[in-house]
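Engineer: pasting a predicted model and its sequence here:
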Number of protein chains: 2
Amino acid sequence: MSNHTAVLLDDGLNTSIAELDLSAITGRVDASLLSFLSEKARDGELGQFAELLRECVRAGGKRIRPLLCVLGWQAAGGEGDAGLVYRWAASLELFHLFALIHDDIMDDSATRRGRPTVHRMMAARHPYPANGPAADGFGRNSAILIGDLALVWAEEMLHAGQQPAAARRLVDEMRAEVMAGQYLDLAATGRVGCPVADVLRIAQLKTAKYTVERPLQIGAALGAADGGLLRHCSAFAMPLGEAFQMRDDLLGVFGDPLRSGKPVLDDLREGKPTIVLALADQRATPGQRATLRDLVGRPDLDQDGAARVRQILTVLQVPHAVEELISARYRQALHALDQAPFAAAAAAALRTIAASIVSRSA
Amino acid sequence: MSNHTAVLLDDGLNTSIAELDLSAITGRVDASLLSFLSEKARDGELGQFAELLRECVRAGGKRIRPLLCVLGWQAAGGEGDAGLVYRWAASLELFHLFALIHDDIMDDSATRRGRPTVHRMMAARHPYPANGPAADGFGRNSAILIGDLALVWAEEMLHAGQQPAAARRLVDEMRAEVMAGQYLDLAATGRVGCPVADVLRIAQLKTAKYTVERPLQIGAALGAADGGLLRHCSAFAMPLGEAFQMRDDLLGVFGDPLRSGKPVLDDLREGKPTIVLALADQRATPGQRATLRDLVGRPDLDQDGAARVRQILTVLQVPHAVEELISARYRQALHALDQAPFAAAAAAALRTIAASIVSRSA
């Protein structure tokens, strides 16, 4: 999972599209989430963590998952208990906070949404007991618990009303899928030669399903969508989600750090299994491959080294090839949207979101 | 959370008590849990982790939480869907596996139930990608994900049938409470001078509520217990659970490592906030206090140092004082049990479990 997720939507999106006001939707999602956390902030011992999670929510993020959840519900007709839909949408965001907190521990990331990550923040709050664990260990261990708590609370948010069986099943599947994607990502990190098929499978699990398909389907299922409509959601969401991850991978090497807020060296230093590196490894001469395998994954890779990697990627026309893969998936998603019997306003909003996802520069 | 939990019940308990066969109950709990995990083992990408969790289940543990859950249901009359009760009981055990996996990461424990801990096992399976993260980091990060997965699956186990609202609420409360207890424990670790009141609060959250009160109440709520019966559960469970933790604390310093399977230096080396150290700090002369604060919490504390700590504790009659606290709580629990309108067979079983908890030597 990357910082890019946080800056998915252009500000221009936060205006009325057709009849759906997307900023009103995300505003209502946030109200639901912040009101839940305000309740928890009154809890003596856990109150401080509810406050901390509120700060994380307020710090940013574009709410792509809850937005798609609400749009899935609208696409299916928008009938029934809107309060329930917004609560489930908000629960997706709280689950995502859990995932980010644990992800940041695993990557030992220093910042998220322009602020210190939770484990770094907790390390700074270290109580310094005599002979106690070092601040870093305390920060990491606290953040494991705070992530766990966010997951437990995300679950609790689903219990205030009905739990429609189909939507419930989709939530459970989504959670297991993102664990699988994260694990595969972890196991492949450092392998420059990770095959394209493996990279695509990771992208499907940790991005296409987790960020696009499941949120849309969960919303549709809350709107009592039948199996046919859920398949239409999938046909639109999967190629779009893959394109989302590919754009992320390109920005991770060629993006503008000033726009993305993410140091452009991270993906290369960690040796993340990205489509960019997979295609490069496929196309490289033995000499180029040796250089790539030498440089990528070095924690001390500097700007000169990164420039050499970028030069090889450019010579191999990797950026162009990835752009083509993105375009093909974008067309596929739009075609699926044309075929889908979604409510018109929701379809229009989804079209705009799709364009924003594939063309973003941050 | 400690290894002692795993060896709570004497083998003698695994025979028929009154009309309730406790080993039949735990056998049925295990069957429910292993059957759930067998289904998951067929999943391509997560199957290996379902297998790993099955191995953890099979490696040991006495199923105190699921046992109390089923007994709570029996205590309330044992009416209704037994399959549902056993599934919820099994879910408590899977949740506990999640808690142990994350706890072992936080303490960097090497073994659990006589086997390598999950993060150590995963470190040994490290894929060694070129330039990839070191084996220890990979083991820890994988174990964070595997713990998360156990929690997600423990939740999923609750979705196969009805989710009675009162029981559901108790599960949610229990999960948040154990996070709070774990966090307070973490923040107090290394503080020899942790006040008795703080130590008791931690014991209430992370042991009395998590291990005894909530499991019993959840079972009772699945048996449609009213508020009065739930209060009777609490009146029995809370003093018993505190006694449980105090026995654990005593065994952590004075126990026989051959019987407990736990190195008797760990609690002292980590400087865990235990009743033993809290009372010692309260009773010590300034000179004794200085020695205790110097020795406790040193990761390199050796047997000689531990012997000096034990000598001071003995001079201060701390073991005797803790035994008295345990006895008082045991009497309180039995008195509450006498007052409770529980079904007779369940009450008899709870009486035996209570005796086993307070008198165990491992």
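Structural biologist: In hand now; what should we look at?
Engineer: now do the helices in the stretch 151-300 of chain A.
Structural biologist: Per DSSP state H, counting those that start in this stretch, the stretch 151-300 of chain A carries helices over the ranges A:165-188, A:196-203, A:214-222, A:227-254, A:257-260, A:266-270, A:275-283, A:286-295.
Engineer: tell me the most buried of the ones you listed?
Structural biologist: Among those, helix A:214-222 has the highest mean neighbour count (mean count of other Cβ atoms under 10 Å in any protein chain shown), at a mean of 30. Any C-beta I mention is one placed from the backbone N, CA and C, and that applies to glycine too.
Engineer: orientation of it relative to helix A:227-254 in degrees?
Structural biologist: Angle, helix A:214-222 to helix A:227-254, by axes from the mean of the first three to the mean of the last three Cα atoms, to 10 degrees: 160 degrees.
Engineer: tell me the helices and strands packed up against helix A:214-222.
Structural biologist: Judged by 3 or more Cβ pairs under 8 Å, 6 or more residues apart in numbering or on different chains; DSSP states H and E, the packing partners of helix A:214-222 are helix A:64-75, helix A:82-107, helix A:165-188, helix A:227-254.
Engineer: quick one on the thing from earlier: of the helices of the stretch 151-300 of chain A, which is nearest A:Ala346?
Structural biologist: When the helices of the stretch 151-300 of chain A are compared by Cβ to Cβ, helix A:214-222 sits nearest A:Ala346, at 9.4 Å.
Engineer: could I have the closest one exported to PDB, CA atoms only?
Structural biologist: Output of helix A:214-222 as PDB, limited to C-alpha atoms (Å, rounded to 0.1, in the frame of the first residue of the first chain):
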ATOM      1  CA  ARG A 214     -14.700  -5.200  -3.000                       C
ATOM      2  CA  PRO A 215     -15.700  -1.700  -1.800                       C
ATOM      3  CA  LEU A 216     -17.900  -1.300  -4.900                       C
ATOM      4  CA  GLN A 217     -19.500  -4.800  -4.400                       C
ATOM      5  CA  ILE A 218     -20.000  -4.300  -0.700                       C
ATOM      6  CA  GLY A 219     -22.000  -1.200  -1.400                       C
ATOM      7  CA  ALA A 220     -23.900  -2.900  -4.200                       C
ATOM      8  CA  ALA A 221     -24.700  -5.800  -1.900                       C
ATOM      9  CA  LEU A 222     -26.000  -3.400   0.800                       C
END
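Engineer: state the mean pLDDT of it.
Structural biologist: Mean pLDDT, computed over helix A:214-222, is 98.
Engineer: return the residues in contact with the residue lying closest to A:Ala166 once chain neighbours are set aside.
Structural biologist: Spatially, and ignoring its direct neighbours in sequence, A:Ala166 is nearest to A:Ala221 (4.2 Å; Cβ to Cβ, 6 or more residues apart in numbering or on different chains). Contact partners of A:Ala221, counting by Cβ atoms under 8 Å, 6 or more residues apart in numbering or on different chains, are A:72, A:76, A:164, A:166-167, A:170, A:230.
Engineer: between the residues you listed, which is nearest B:Lys272?
Structural biologist: Using Cβ to Cβ, A:Leu170 comes nearest to B:Lys272 of the contacts of A:Ala221, at 41.7 Å.
Engineer: quick check: the residue nearest to the closest one when sequence neighbours are not counted vs A:Cys69, distance?
Structural biologist: Using Cβ to Cβ, 6+ apart and skipping residues adjacent in sequence, the residue nearest A:Leu170 is A:Ile218, 4.8 Å away. Using Cβ to Cβ, to the nearest Å, A:Ile218 is found at 5 Å from A:Cys69.
Engineer: what touches both of the two?
Structural biologist: Counting by Cβ under 8 Å, 6+ apart, the contacts common to A:Ile218 and A:Cys69 are A:88, A:92.
Engineer: per-residue pLDDT, the nearest residue to A:Leu316 once chain neighbours are set aside?
Structural biologist: In space, and not counting its chain neighbours, A:Leu316 is closest to A:Arg283: 4.5 Å by Cβ to Cβ, 6+ apart. For A:Arg283, the model assigns a pLDDT of 96.
Engineer: so who does A:Arg283 touch?
Structural biologist: A:316-318, A:321.
Engineer: of those, buried ones?
Structural biologist: Neighbour counting with 16 or more other Cβ atoms under 10 Å in any protein chain shown marks A:316, A:318, A:321 as buried within these.
Engineer: flag every buried residue along the helix or strand hosting A:Gln311.
Structural biologist: Element membership for A:Gln311, per DSSP states H and E: helix A:303-315. By neighbour count with 16+ other Cβ under 10 Å, helix A:303-315 contains the buried residues A:305-306, A:309-310, A:312-313.
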